[in-house]
Each structure stands twice: as C-alpha cells, then as structure tokens.
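Enquirer: have a look at this prediction, sequence included:
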Amino acid sequence: MPFTPFHLGPGLLLGLLALRWLDLPTVLVASVLVDIRAALVFFGVLDGPLHGPFHTFLGATLLGVVLIAVSLPVRPTLDSVLAWLRLAQEPSIKRIVAGACVGVWLHIVLDAILYADMAPLAPFPGNPLLGLVSVTAVYIGCLVAGVLGVGLYVLAASGLIELLPQSAGR
C-alpha cells in the first residue's frame, strides 16, 4: 500500500480478536515490516522494484523468522506497557510465531490484491489475488478494520468487554 499504516487496521483488529492466540505487538510490527524495503526503494535509497522479494509469501516468511528471533528476547520488556494499556498478555513463543506469520501474510494478501507488479507465490509467476476485490474496497476495509480495532480496544480498556479469559494469558 502506498500508505503503510493502512496495514495496521487489519492487524489491530485481527490481533485483538485473536489475542488468545496471537501476540499483539508482533502482529502489529509484522503487518508493516514487509514495507521497509519498499520504503527504501520509494525514497531512492535502494534500487529495484517497489514490491520486491519481501512482497512474496516466501520472502515475508523469512522476514517473519527474523522478527520472531528479535521478538523472543525483546517481548518480555513490553509487559509493563501492555499492562498499562490493559492488554496484558503472557509472552509465548507460540503467540509470537503465530503473530509474525499472520502479520506478514496479511500484508502480502492485501498488497497482492492491489498491485500487478507482485508475484506473491514466487518463485511461481503471476498474481492470482490481483483484483480479487476493488482497490476502494481494500482501503475502506482497512479503515473500517482500524476503526473497529480502536473501538474494540476502547471497550476492552474500559472493562466493558474481556478480550482474554482470566485463565488465558494473564
């Protein structure tokens, strides 16, 4: 997406809805991590196609592995911030792995729907997801997901709903 933060909306909503199974900080970072190389190309730091090797399921998975390796030692330091945000979640290798995979793959699916220059199944050519839904629908969907995610967070932070059962992850 030309404006990477759009990816945070679906990441936030999905991360909150699946808080029992996904590490929320990892999902959020993973959902925008794929665009680091694209940003460097966009700003002229790197040459090559905008949607290069990390905009494939294979390349994104490799980024996810790097994120997992970084997240495992760093994640426990976020516990106090997450508790303050009322999103306390016990760090878990399973949640971190799942969060990284879901975040990077969600990014690939959304971008593959929009961009003809992507080959999400590389090394196989083509983009079977291109045009699956309209560009407008993807952007509106990302915005709606973001609004719903923020709303869900507000409800949870205010104590009106419980995102994690008491026995799961607290």
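Expert: Cool, the structure landed.
Enquirer: so, low pLDDT: which residues of the protein?
Expert: For the chain, the stretches flagged by pLDDT under 70 are 1-3, 165-170.
Enquirer: can you give me the helices in this protein?
Expert: Ranges of helices within the chain are 8-17, 24-33, 35-42, 57-74, 79-84, 93-114, 135-157, based on DSSP state H.
Enquirer: who are the packing partners of the last one?
Expert: Just to be clear, that refers to helix 135-157. Contact here means 3 or more CB pairs under 8 Å, 6 or more residues apart in numbering; DSSP states H and E; on that basis helix 135-157 packs against helix 8-17, helix 93-114. All C-beta atoms are positioned from the backbone trio N, CA, C, and that covers glycine.
Enquirer: tell me the buried residues in the shortest one?
Expert: Going by neighbour count (16 or more other CB atoms under 10 Å), the buried part of helix 8-17 is Leu8, Gly9, Pro10, Gly11, Leu12, Leu13, Leu14, Gly15, Leu16.
Enquirer: what does it contact?
Expert: By CB atoms under 8 Å, 6 or more residues apart in numbering, the surrounding residues in contact with helix 8-17 are 22, 24, 27-28, 30-32, 99, 102-103, 106, 110, 141-150, 152-153, 156, 163.
Enquirer: just the buried ones from the residues you listed?
Expert: The buried subset of those - by 16+ other CB under 10 Å - is 22, 24, 27-28, 30-32, 99, 102-103, 106, 110, 141-142, 145-146, 148-149, 152-153, 156, 163.
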